[in-house]
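**Student:** prediction below, plus the sequence it came from.
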Amino acid sequence: MKQNIHPKYSEKSRVKCVCGNEFTVGSTKPNIDVEICYNCHPLYTGKEKLIDTAGKVEKFKARRAKAETAPKAIKKLRVKKQKK
């Protein structure tokens, strides 16, 4: 096995988030900058945005009802031309 090819492991690497939260973890990098952490992630904070699916369903039902009340186009049958 080759010697001295692995990076040095530091048990006290500093992680700094955009929100200002700082904590230490074990890593091969001494300083880590992240955009989101457990302090500001919506899943952990409970400030999760919910998509209004009920509004989408109501829009769909409204379109469906409008299509049913609209007059339906009558298909004209094609008449074959007779050869002379």
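**Tutor:** Noted; the coordinates are in hand. Numbering: from 1, shown residues only.

**Student:** least confident secondary structure element in this protein?
**Tutor:** Within the chain, confidence by mean pLDDT, DSSP states H and E is lowest for helix 42-45 among all helices and strands, at a mean of 76.

**Student:** gap between it and the chain center?
**Tutor:** Computed by Cα atoms, centre = their mean, to the nearest Å, the separation of helix 42-45 from the middle of its chain amounts to 15 Å.

**Student:** repeat that for stretch 11-25.
**Tutor:** On Cα atoms, centre = their mean, the centre of stretch 11-25 falls 26 Å from the chain's centre.

**Student:** pull the residues that contact it.
**Tutor:** With contact meaning Cβ atoms under 8 Å, 6 or more residues apart in numbering, stretch 11-25 is reached by 26-40. (C-beta placed from N, C-alpha, C; glycine too.)

**Student:** now, of those, which are buried?
**Tutor:** Buried members of these, scored by 16 or more other Cβ atoms under 10 Å, are 27, 37, 40.

**Student:** and the last one, what is it in contact with?
**Tutor:** I take that to be residue 40. By Cβ under 8 Å, 6+ apart, the contact set of residue 40 is 17, 18, 19, 21.

**Student:** 7 Å instead?
**Tutor:** Applying Cβ atoms under 7 Å, 6 or more residues apart in numbering, we find residue 40 in contact with 17, 19.

**Student:** average pLDDT for the longest strand seen in the chain?
**Tutor:** Secondary structure of the chain per DSSP state E: the longest strand is strand 10-17. Taken as a whole, strand 10-17 has an average pLDDT of 93.
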